[in-house]
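Visitor: Got a predicted structure here, sequence first:
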Amino acid sequence: MHRAGAHWKISAIMAKAVRFCRDRQGVAAIEFAFIVPVLLIMYFITMEASQAIETSKKVSRIGSMVADLVTQQTTVKKADLDAIMKIGTSTLQPYNRSTPSIIITGIQITDEASPQVKVAWSRKLVGTTYSADALKDSITTVPATLNIRNTFLVRVESDLGYEAMITWSASGSKAAGLTSVFNKIPMGETYYLRPRRGPTVPCSDC
């Protein structure tokens, strides 16, 4: 009798185990719970990558736009250069998680057998602050292909530390544990153009 009772209990347990294995209710919900985090991660990575690529293109566009505007002038002032740099920063919109730095340099290459590359004037924007950059007549460098005696160049350098959306907040605080993994991504471009309307583009008050 005792053996029969034990056998019946084992059979009942086995029957319940079989029914549990055959029961498919709730499986879809469990699978969905596993898949959703993966899908969300893929979505955010794709979105962040596309925004980073687009922002990098805009940073490069700043250099060409600012250089183009400066080289169309016959002469400039500090206020003109500041306004042009402000226009350049507007191309980054709607990205607003960090601010770019822009440096505009007028470069005069001397008329000598071994020409020197000198700064004629320079202006920069860092954050929201405008100021002079390199000193007048200080020595600088240009690519060898542009080092032509008795010529003038306008160089524009644009740089941005791109902040990923998942590490940024409007208050400036950072999500814990993410800043070491997602540091600012450096983006930058250097652009050279020659004057369009004369041999040089002088700055009267730089």
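Guide: Arrived safely, thanks for sending. Residues are numbered from 1 along each chain as shown.

Visitor: which stretches of the chain form strands?
Guide: All strands of the chain, identified by DSSP state E, fall at 101-109, 117-126, 129-132, 151-162, 185-193.

Visitor: Compare those and give me the one nearest residue 93.
Guide: Ranking those by proximity to residue 93 (Cβ to Cβ) places strand 151-162 first, at 13.0 Å. From N, CA and C alone the C-beta is placed, and that goes for glycine too.

Visitor: can I get the CA coordinates of that closest one in CSV?
Guide: Provided in CSV are the C-alpha atoms of strand 151-162 (Å, rounded to 0.1, in the frame of the first residue of the first chain):
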residue,chain,number,x,y,z
THR,A,151,50.5,85.2,-51.6
PHE,A,152,47.8,85.5,-48.9
LEU,A,153,45.7,82.8,-47.3
VAL,A,154,42.8,82.6,-44.9
ARG,A,155,42.9,79.6,-42.6
VAL,A,156,39.9,78.5,-40.6
GLU,A,157,40.2,75.9,-37.9
SER,A,158,37.0,74.5,-36.5
ASP,A,159,36.9,72.0,-33.5
LEU,A,160,34.2,70.4,-31.4
GLY,A,161,34.2,67.9,-28.5
TYR,A,162,31.1,65.9,-29.4
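
Visitor: Name the strands paired with it and say parallel or antiparallel.
Guide: strand 101-109 (antiparallel), strand 185-193 (antiparallel) (DSSP bridges).

Visitor: centroid residue for this structure?
Guide: What sits nearest the mean C-alpha location of the chain, by Cα atoms, centre = their mean, is residue 162, with 3.7 Å.

Visitor: Not counting residues beside it along the chain, what's closest to residue 81?
Guide: Nearest non-adjacent residue to residue 81, counting by Cβ to Cβ, 6 or more residues apart in numbering: residue 123, 4.3 Å away.

Visitor: I figured that neighbour hits residue 206, correct?
Guide: Yes - using Cβ atoms under 8 Å, residue 123 is in contact with residue 206, at 6.4 Å.

Visitor: low-confidence ranges in this structure?
Guide: 1-29, 31-32, 166-183 (pLDDT under 70).

Visitor: So which residues of this protein form helices?
Guide: Using DSSP state H, the helices found in the chain span residues 2-22, 27-71, 78-90.
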